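Engineer: Build the 3D model from these lines:
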Amino acid sequence: MAGLPRGFVYQKLCIDFAALKHACPKGIYVAPVPDEPLKWTGVLLPRKGPYATAVLRFEIDFTLDYPARAPVIKFLCDVFHPLVTPWTTYTHTSRASAADTMSSADEDRLPPGGLTLRHGFPEWHDERSISQGRTAPVVPEMGDAQRSSAEDDARKAASPIQPHIVQVLQYMRVIFDSAELLDSMPLEHAANTSAWHAWRSYRASTAPATHLPPDPGEGSGNAAPKQHQPGGARQPGQWNWQGVWQDRVRKSVSASKADQALFSAGDHSVINFRPWDAEEVVSPVR
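Structural biologist: Numbering: from 1, shown residues only. From the prediction side, this is the model:
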């Protein structure tokens, strides 16, 4: 995909956006940003779950590698969620989990508020698939007819079907609606490990029969006893997370609906809200 002209990627995004007219998930609104063909802006309105009633603004940044490389989705307010990086620090990368160490210059590093797609779309984080999408297939010497057929086969093998943006938006909606999805997510896929531990504690108290993936820091035979840990420190899984999930989510929902978040959008925002008094709202039911 890296060798394709910009116009091809722009046209691909236009086609993808047109598809949203018939397939956009409920509660999600997106629009292209004028004069920035590789950026969309949007709003997510969760309809159920702990984030119900929240108003979550986000941006989607595409690259010239799209759709071989995943878009970068960034929430514009602090969202306490296992799959969203916290605003306070860089904690996650969009590269494959087997990649080497990261630095502050890592181009694949998710920004604060970034949504990791590794759990929902592992094919985007397979280094082999990404590299294949960037290079042309190599075909050995052969006759014209054989070469044409081999090129077609090699091109198909080197260009696996990539996720569609409609699937990504659907996934965004589900991660705020579905407790089962969060229950099944292992720690290594979490962008915010604090939120991951807080969610486990919340589920253990509200749904004790729920099957959760094991915590690498709990009950490990290789872990040193507490008294042998430097300074007597405990693993995050041993901390007291009681009430943390409810408190942080409540604060996130409240902040997302604050006047500053709703009515102070940037200059490029094309999705805006209007402040209305209760007296101005006329009920359709009389």
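Engineer: Show me which helix or strand of the protein is least confident by mean pLDDT.
Structural biologist: None of the helices or strands of the chain scores lower by mean pLDDT, DSSP states H and E than helix 127-134, at a mean of 49.
Engineer: For the stretch 151-286 of the chain, just list every one of the helices.
Structural biologist: Applying DSSP state H, counting those that start in this stretch to the stretch 151-286 of the chain gives helices spanning 165-177, 179-184, 193-206, 244-256, 259-263.
Engineer: which of the residues in the longest one are buried?
Structural biologist: Just to be clear, that refers to helix 193-206. 193, 194, 195, 196, 197, 198, 199, 200, 201, 202, 203 (16 or more other C-beta atoms under 10 Å). Backbone N, C-alpha and C define where each C-beta goes, glycine included.
Engineer: Could you do the second one as well?
Structural biologist: Taking 16+ other C-beta under 10 Å as the neighbour-count basis, helix 179-184 is seen to contain the buried residues 181, 182.
Engineer: CA atoms only: put that helix into PDB for me.
Structural biologist: Below are the C-alpha coordinates for helix 179-184, written out as PDB (Å, rounded to 0.1, in the frame of the first residue of the first chain):
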ATOM      1  CA  ALA A 179     -19.100  -6.800  29.300                       C
ATOM      2  CA  GLU A 180     -18.300 -10.200  27.800                       C
ATOM      3  CA  LEU A 181     -15.700  -8.700  25.400                       C
ATOM      4  CA  LEU A 182     -13.900  -7.000  28.300                       C
ATOM      5  CA  ASP A 183     -14.100 -10.200  30.300                       C
ATOM      6  CA  SER A 184     -12.300 -12.100  27.600                       C
END
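Engineer: so how far is residue 54 from the closest residue to residue 55 other than its chain neighbours?
Structural biologist: Distances taken as C-beta to C-beta, 6 or more residues apart in numbering put residue 256 closest to residue 55, at 5.0 Å, once the chain neighbours are dropped. As judged by C-beta to C-beta, to the nearest Å, residue 256 and residue 54 stand 5 Å apart.
Engineer: more crowded one of these two?
Structural biologist: residue 256 (24 against 21; other C-beta atoms under 10 Å).
Engineer: show me what contacts the more buried one?
Structural biologist: Contacts for residue 256 (C-beta atoms under 8 Å, 6 or more residues apart in numbering) come out as 54, 55, 56, 57, 77, 79.
Engineer: Which two of those have the greatest separation?
Structural biologist: Greatest spacing in the contacts of residue 256, by C-beta to C-beta: 55 and 79 (11.3 Å).
Engineer: So between these two, which is more surrounded?
Structural biologist: Neighbour count, other C-beta under 10 Å: between residue 55 and residue 79, residue 79 has more, with 27 against 18.
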